[in-house]
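> Using only what follows, build the 3D model:
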Amino acid sequence: INYRSTLNLIFKYAYHDDLISKNPLDIIKAPKKILKDVKIFSIDEIKILINSSTSQFKNIIIVLLFQGLRGSELIALKWSKIDFTKSIITIDERIREGDTDITKSKRVRVIDMLPQTKQALINQLHFTQSYDYVFLNQYNRPYASPKTISTTLKKFCQKFNINVGTLHTLRATCNTLYKQFGLPNDWILHQIGHLEDSVNHRHYTGKIKPNFDEIGKLLSH
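Residues are numbered from 1 along each chain as shown. A predicted model of the protein is given here:
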């Protein structure tokens, strides 16, 4: 799809500049992308991730699971952006390959801090309270990219026989749990940092597993 899109643009300019008589891609349909199921961690896997991890890595897991931050936003998070009194977090930066810039959505968002996240961040104070950044690498410096954390997560999954996931899997799991527990869609989009639900649904929502207890009670009478 990407190759065709690039070639199509080149041929269009060539046609308009009279370098070719027609765009050969006009008669070739763009291939359709087959959408796969969004991979998320199961409840049992989430319990293993939280209960078997330790120290800063555990705090990172919890923050990603319950806040749905992008990896680049997580490593750019500073203590000055966290308000424990109001239970909010300001997301206004990301770090990519060592460079700091504005978030992917090109906007600042102030998100609600879930209780699980709040406790994880309070625990994290023990490790990095005297630094600007919340999460630091082994040299007490900000991460240049989320790749190191993602690699650690993969190794952790392999060690505990969990289906190997990435930071994106944690983000998708968070989004799915938000929806599964019936939280407002506009609130979810703001928390996750998406402008449209279509992208959120296609790439970040796993299979919803509703609670059938109530309908089960109804049918049992």
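
> in which helix or strand would I find residue 62?
helix 55-67 (DSSP states H and E).

> got the buried residues for that helix?
56, 58, 59, 60, 61, 62, 63, 64, 65, 66, 67 (16 or more other CB atoms under 10 Å). The C-beta positions use only the backbone N, C-alpha and C, and glycine is treated the same way.

> repeat for stretch 191-205
Of the residues in stretch 191-205, 191, 192, 193, 194, 200, 204, 205 count as buried by neighbour count, 16+ other CB under 10 Å.

> correct me, but the second one touches residue 170?
No: here residue 192 does not reach residue 170: they are 12.0 Å apart, not a contact under CB atoms under 8 Å.

> name the helices or strands packed onto the helix holding residue 62?
Counting by 3 or more CB pairs under 8 Å, 6 or more residues apart in numbering; DSSP states H and E, the packing neighbours recorded for helix 55-67 are helix 43-52, helix 71-74, helix 115-128, helix 147-159, helix 167-180.

> Any chance of the ones you listed in TSV with distance to residue 137 and mean neighbour count as columns?
What follows is the helices and strands packed on helix 55-67, written out as TSV (distance: least, CB to CB, whole Å; neighbours: other CB atoms under 10 Å):
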stretch	distance to residue 137	mean neighbour count
helix 43-52	20	14
helix 71-74	13	23
helix 115-128	11	16
helix 147-159	7	15
helix 167-180	15	22
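
> Of all those helices, which one is nearest residue 95?
With CB to CB, the closest approach to residue 95 among the helices and strands packed on helix 55-67 belongs to helix 71-74: 5.7 Å.

> could I get that closest one in CSV with only the CA atoms?
Extracted C-alpha coordinates of helix 71-74, given in CSV (Å, rounded to 0.1, in the frame of the first residue of the first chain):
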residue,chain,number,x,y,z
GLY,A,71,6.0,5.0,25.2
SER,A,72,7.4,8.3,24.0
GLU,A,73,5.1,10.2,26.3
LEU,A,74,6.0,8.0,29.3
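
> now it: how far from the chain's centre is it?
Counting by CA atoms, centre = their mean, to the nearest Å, helix 71-74 is centred 8 Å from the centre of its parent chain.

> Who are the packing partners of the helix or strand following that helix?
Following helix 71-74 in sequence order, the next helix or strand is strand 82-83 (DSSP H and E). With contacts taken as 3+ CB pairs under 8 Å, 6+ apart, strand 82-83 sits against strand 88-91.
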